[in-house]
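1. No letters, just coordinates:
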RNA sequence: CGGGGUGUGGCGCAGUCGGUAGCGCGCGGCGUUUGGGACGCUGAGGUCGAAGGUUCGAGUCCUUUCACCCCGACCA
């Protein structure tokens, strides 16, 4: 490609309000342009990267037996009513009516369609297992898009779906995807970790996320370097203290003025915060009052609490709602409350004689104990794991990292197949629901995620596997330096003929402009043709990642460049552990 | 949805006390220049996000509203 004719230009500066690095660089390098909130055009340069990413995805999906197909973005709402998601999913599902007044939706994902197709195409156990996938536009009216391509509203996602006879089959399809995803992300040059994750609105029994390390990530993951435990903070467990075997002491009310927070209370009574019980109040989506109780030194994890209560959403309760169940904000405890759904964290179950609120201002209760003084509707893990907490498996200290969710894999089970009648007959003629899994990767997000991990002060450092071009060819010399131009033109043609993808900077620009743009765009190899080097019969070759150039003879330059590209590709595979 | 911020030419910004809309970059033309974002001359390009109001007069003051960005909530 001759840069003099390339659609889309580089920018010297990114818009001032753009903050994260991948967003800045993808705008500056001319990969993307914004159209509206969470809506981006991919310019030719960015589109090349996305295509290469998608080709890698296709190769790896095909390698595990995936069959590519295509399903519509627009779905009849009835399909989503059948699965129940029409009712369950919030406003991120775009709903509209067509001209005949039929309810329609824009697909967030395609479980319903796959299940519907399975119901017509799959009849017999002989036809299973299957893996189908597609690369399709999805629309999610996100409450807040952010970070350029990291979180957008309209995006392309590779979705694959496995159809299996049973749980054992699903396990196999799931591990195949695990392997394919591992290879995809290695090949795109990502540093990542696989963590256990929340199943969220998808339902299902197990989910893992492929998380790429980045300070601009939206998720926090907890990692144990000692035993390899890694989990999204949303579902992360941690090593708990052993249950206390202290004898319960008589409950006693004490005056505790101005102790509306755990810290004030602990200071006033001169006890550690771990000897207190904290009450946190929510209103569930169903209208229930959710009364969460946790040891004073721990924090509630709302994802875990949602799972524990079965509530799709939780909002903090108001002072009036708290009073209505007989509790008191700042001095709350489950002792004596009515009409609340009480969820107690394991930490409180395993402790004895905690200090809890007396449900009246200025008073607390000493020696409160679960079972004797109040009952719980649920006792489970609702505590948030933090950096420094012990690993749940080996009890070594865990550390926290921010990360971007690059992909995830899900065991769905039979939720969708049952709802949409996707069943098969086994060898005995018995009908069973197909067991499903679903697996997603956003190609645009992956582009942004790779940039997040590969850049320097000059610009992007693409891995050759997904770089827009293999080579940036820079002609140094004015328009009237016909000899240099002729040599650069000839090299451009020769490289193209040799199958090299070349971005040829043939613009009438000063060398500094060209070098800076080449660095910004970040192709892995830069070749400079100049009269200075031509006089010595040489070409300059510089890796984007190197600080100093090398020189090769003009004779055999194409071979030398091909060899260097091979070396780069080989080194990347080694670095990726492939 | 809550909090914060920003809207002035393609990009980055200035615009004081309300008085003829400016600067740098970029863009067109001409000339010089050519190994890390050159220089001179000369041009083109703006309903100052929108609407309403105050005023003799509004980029500037008031009201409303829209868009975008950031934090949070939310989120396969």
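-> Structure received. These numbers were taken from a predicted model, which means no experiment stands behind them.
2. For RNA strand B, see how far away the residue nearest the centre of chain A is.
-> Residue closest to the average C-alpha location in chain A (CA atoms, centre = their mean): residue A:405, at 1.5 Å. According to CB to the nearest atom of the strand, to the nearest Å, residue A:405 and RNA strand B sit 7 Å apart. C-beta here means a position set from N, CA and C on the backbone, and glycine is covered the same way.
3. so that residue sits right up against residue A:219, yeah?
-> Yes. Using CB atoms under 8 Å, residue A:405 makes contact with residue A:219 at a distance of 5.9 Å.
4. Which residues of the stretch 1-150 of chain A lie near RNA strand B?
-> A:10-20, A:23, A:28, A:34, A:36-38, A:90, A:92, A:108-110, A:138, A:140, A:142-148 (CB under 7 Å from any atom of the strand).
5. brain fart, the stretch 451-578 of chain A
-> Residues of the stretch 451-578 of chain A lying near RNA strand B (CB under 7 Å from any atom of the strand): A:458, A:476-480, A:508-513, A:515-517, A:519-520, A:528, A:530-533, A:540, A:542, A:549.
6. got the contact list for stretch A:309-324?
-> A:88, A:201, A:281-286, A:288-290, A:302, A:305-306, A:328-329, A:332, A:339, A:341, A:343, A:378 (CB atoms under 8 Å, 6 or more residues apart in numbering).
7. Mind checking which of those are buried?
-> Listed as buried from the contacts of stretch A:309-324 are A:281-285, A:288-290, A:302, A:305-306, A:328-329, A:332, A:341, A:343, A:378; burial here means 16 or more other CB atoms under 10 Å.
8. For residue A:405 and residue A:219, list the residues in contact with both.
-> Residues touching both residue A:405 and residue A:219 by CB under 8 Å, 6+ apart: A:209, A:211.
9. Can you tell me the SS state at residue A:291?
-> Per DSSP: H, G, I helix; E, B strand; the rest coil, the secondary structure class of residue A:291 is strand.
10. just to revisit the earlier point, and the residues of the stretch 1-150 of chain A next to RNA strand B, which of them are in helices?
-> A:23, A:28 (DSSP state H).
11. Just the buried ones from the residues of the stretch 1-150 of chain A next to RNA strand B, in ChimeraX syntax?
-> Per 16+ other CB under 10 Å, the buried members of those correspond to this ChimeraX selection:
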select /A:10,14,18,20,23,28,38,108,109,110,138,140,142,145,147,148
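12. Can you pull the domain assignment for chain A?
-> A:16-188+A:412-452, A:252-380, A:471-575 (automatic domain parsing).
13. among the ones you listed, which gets the worst mean confidence?
-> Ranked by mean pLDDT, the domains of chain A end with domain A:252-380 at the bottom, a mean of 90.
14. sorry, back to before: can you lay out the domains of chain A as a markdown table showing distance to residue A:231?
-> What follows is the domains of chain A, written out as a markdown table (distance: least, CB to CB, whole Å):
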| stretch | distance to residue A:231 |
| --- | --- |
| domain A:16-188+A:412-452 | 16 |
| domain A:252-380 | 11 |
| domain A:471-575 | 26 |
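15. got the buried residues for the helix or strand containing residue A:156?
-> If you go by DSSP states H and E, residue A:156 is part of strand A:154-164. For strand A:154-164, the neighbour count (16+ other CB under 10 Å) marks A:154, A:155, A:156, A:157, A:158, A:159, A:160, A:161, A:162, A:163, A:164 as buried.
16. neighbouring strands for that strand, and are they parallel or not?
-> Applying DSSP bridges, strand A:154-164 is found paired with strand A:130-139 (antiparallel), strand A:435-442 (antiparallel).
17. most packed of these?
-> Using mean count of other CB atoms under 10 Å, the stretch among the strands paired with strand A:154-164 with the largest mean neighbour count is strand A:435-442, at a mean of 25.
18. That one vs RNA strand B: in contact?
-> Yes. Strand A:435-442 comes into contact with RNA strand B (CB under 7 Å from any atom of the strand), by way of A:438, A:440, A:442.
19. Show me what the last one bridges to in the sheet.
-> Beta-bridge partners for residue A:442, by DSSP bridges, are residue A:157.
20. how about it, what does it touch?
-> Neighbours of residue A:442 in contact, by CB under 8 Å, 6+ apart: A:155, A:156, A:157, A:158, A:406, A:407.
21. so does the host helix or strand of residue A:305 get close to RNA strand B?
-> Applying DSSP H and E as the criterion places residue A:305 in helix A:302-309. Yes. Helix A:302-309 is in contact with RNA strand B by CB under 7 Å from any atom of the strand, via residue A:302.
22. Okay, strands next: where are they in the stretch 201-350 of chain A?
-> Applying DSSP state E, counting those that start in this stretch to the stretch 201-350 of chain A gives strands spanning A:206-213, A:219-223, A:230-232, A:252-255, A:277-284, A:289-295, A:314-316, A:340-345.
23. how about these in CSV, adding distance to RNA strand B?
-> Shown next, in CSV, are the strands of the stretch 201-350 of chain A (distance: least, CB to the nearest atom of the strand, whole Å):
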stretch, distance to RNA strand B
strand A:206-213, 6
strand A:219-223, 7
strand A:230-232, 10
strand A:252-255, 34
strand A:277-284, 9
strand A:289-295, 12
strand A:314-316, 6
strand A:340-345, 15
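24. most tightly surrounded among those strands?
-> Mean neighbour count (mean count of other CB under 10 Å) peaks for strand A:289-295 among those, with a mean of 25.
25. partners of that strand in the sheet?
-> strand A:277-284 (antiparallel), strand A:340-345 (parallel).
26. Can you give the distance of the longest one from its chain's centre?
-> If you compare the mean C-alpha spot of strand A:277-284 with that of the full chain, they lie 29 Å apart, counting by CA atoms, centre = their mean, to the nearest Å.
27. do the shortest one as well
-> Taking CA atoms, centre = their mean, one finds strand A:340-345 lying 31 Å from the centre of the chain it belongs to.
28. and the gap between the residue lying closest to residue A:6 once chain neighbours are set aside and residue A:521?
-> Among residues not flanking residue A:6 along the chain, residue A:44 sits closest, at 6.6 Å (CB to CB, 6 or more residues apart in numbering). Note on residue A:44: its distance to residue A:521, by CB to CB, to the nearest Å, is 12 Å.
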